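Participant: Mind looking at a prediction? Sequence and model below.
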Amino acid sequence: MPAVRDHTEYVYQVAHQSSAAASSPVAASWRRCMTLHGLAPEERRTPLRLSDSEFRSARQRSAELIAEAGGELDRLFATVGKAGCCLLLTDDKGVALERRGAVGDDADFRGVGLWSATVWSEASVGTNGIGTAIADERAVIIQRDQHFLSSNIGLSCTTAPIRDHLGRLAAAIDISTCRDDASEITLSLLSQAVRDAAGRIEAGLFRRAFAGSRIVLVPVDRAGPALLAVDRGDLVQGATRAARQWLGLDDKSIASGIPASDLLKEGTSDDGAELPDAERAALRRVLSRANGNVSMAAELLGISRATLYRKMKRLSVN
């Protein structure tokens, strides 16, 4: 373990160098901890802890998040739990809403405050995976002496933020370990696992928010799920953060009503052919629902069988 005194002196040295803060996210976080939050690296601090009523309120505010993330936390813990890891799901303030940990490791994690109802913001405990991921709004790895507080340099953690259906920061998911042998390679693998889990939770929250819409996957190579919610008229109702960034969307442009086919530059006919194409597609859907029964399809459409036959002939629908 790095010497506590050496770590404290190093944090002071680096945090006072503005050039270091400009080139290193960890140094920038250390500087925030000192100048913005008034913390000192030698402090013996444990995370702030909410009262029972405060914790209940925090969980109520994040009820949908907790419901969506539960299964993902269980699956992830089944993979990493035996390696001496602890999982936390927090809200956007760093409040630990859900925890997964092995009973044999509980004493160690409880001792450092990796427990439900604790607050892992930078203001509470300085540079750490959860607080820094929330502050920077990006996935991070904070390994041992990258923590701000000297009392936390026995920890290594990797965290990924989770965004809501509007692309706003909503939560974070974290894997932490107290093991001395947690290598950079191990943490890189854990980081990928936690980012994948965050992406699946984010996608689940998006589908919950737009349960009545068609969900379209945007084919982009970008971190996080790139999804669009599209109504029956092909208008975009919502977009995840990754889709917004890739397609240049914001709340205002979505509210104005944008056809998904235009955004995705799908091959379309000229304007004069769009209405027949839409009518043809509608007829095919109804016929499919009726299993090809023209009489039933006509009844569903509220038109006569003869009228439906004429439309089918005109639109070349077999």
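Facilitator: Perfect, thanks for sending it. Residues are numbered from 1 along each chain as shown.

Participant: C-alpha only now, for contacts and for neighbours.
Facilitator: Fine.

Participant: Endpoints of stretch 13-29, how far apart?
Facilitator: 14 Å (CA to CA, to the nearest Å).

Participant: Next: stretch 213-232.
Facilitator: This stretch, stretch 213-232, spans 8 Å end to end (CA to CA).

Participant: Could you list the buried residues of that stretch?
Facilitator: Using 16 or more other CA atoms under 10 Å as the test for burial, stretch 213-232 gives 213-215, 218, 224-231.

Participant: thought Ala197 was touching Glu72?
Facilitator: Yes. Counting by CA atoms under 8 Å, Ala197 does reach Glu72; the two are 6.4 Å apart.

Participant: returning to that earlier point: of the buried residues of stretch 213-232, which one scores lowest on pLDDT?
Facilitator: Lowest pLDDT of those: Gly224, 82.

Participant: what's the spacing between the longest helix seen in the chain and its chain's center?
Facilitator: Counting by DSSP state H, the longest helix found in the chain is helix 184-209. Distance, stretch centre to chain centre, for helix 184-209: 7 Å (CA atoms, centre = their mean, to the nearest Å).

Participant: For the next helix or strand after it, which strands pair with it and how are they oriented?
Facilitator: Using DSSP states H and E, the helix or strand that follows helix 184-209 towards the C-terminus is strand 214-217. With DSSP bridges as the test, strand 214-217 is paired with strand 227-230 (antiparallel).

Participant: and this protein, what are its domains?
Facilitator: According to automatic domain parsing, the chain comprises the domains 4-207, 211-263, 271-314.

Participant: related to what we said a few turns ago, so Ala197 and Glu72 - more neighbours on which side?
Facilitator: Ala197 (20 against 17; other CA atoms under 10 Å).

Participant: quick one: buried residues of the longest helix of the chain?
Facilitator: With the criterion 16+ other CA under 10 Å, helix 184-209 contains buried residues 187, 190-191, 193-207, 209.

Participant: For Leu65, give me the backbone phi and psi.
Facilitator: phi -60, psi -50 (degrees, to the nearest 10).

Participant: Just to check, it is in contact with Leu205?
Facilitator: Yes. The pair Leu65 and Leu205 qualifies as a contact (CA under 8 Å) at a distance of 7.0 Å.

Participant: low-confidence ranges in the stretch 1-150 of the chain?
Facilitator: Within the stretch 1-150 of the chain, the stretches with pLDDT under 70 are 1-2.

Participant: Give the buried residues for stretch 228-248.
Facilitator: For stretch 228-248, by 16+ other CA under 10 Å, it's 228-231, 234-244.

Participant: got the residue ranges for the strands in the chain?
Facilitator: Here the chain has its strands, by DSSP state E, at 48-49, 85-91, 96-100, 118-119, 140-143, 156-163, 169-177, 214-217, 227-230, 236-239.

Participant: wait, which of the ones you listed is closest to Leu283?
Facilitator: Closest to Leu283 of the strands of the chain is strand 214-217 (CA to CA; 18.9 Å).

Participant: Deepest in the core, which of the domains of the chain is it.
Facilitator: domain 4-207 (a mean of 20; mean count of other CA atoms under 10 Å).

Participant: What is the end-to-end distance of that one?
Facilitator: Per CA to CA, domain 4-207 runs 47 Å from first to last residue.

Participant: Nearest residue to the spatially most central residue of the chain in space, please, no chain neighbours.
Facilitator: For the chain, Ile162 is the residue whose C-alpha lies nearest the centre (CA atoms, centre = their mean; 2.3 Å). Nearest non-adjacent residue to Ile162, counting by CA to CA, 6 or more residues apart in numbering: Ala171, 4.9 Å away.
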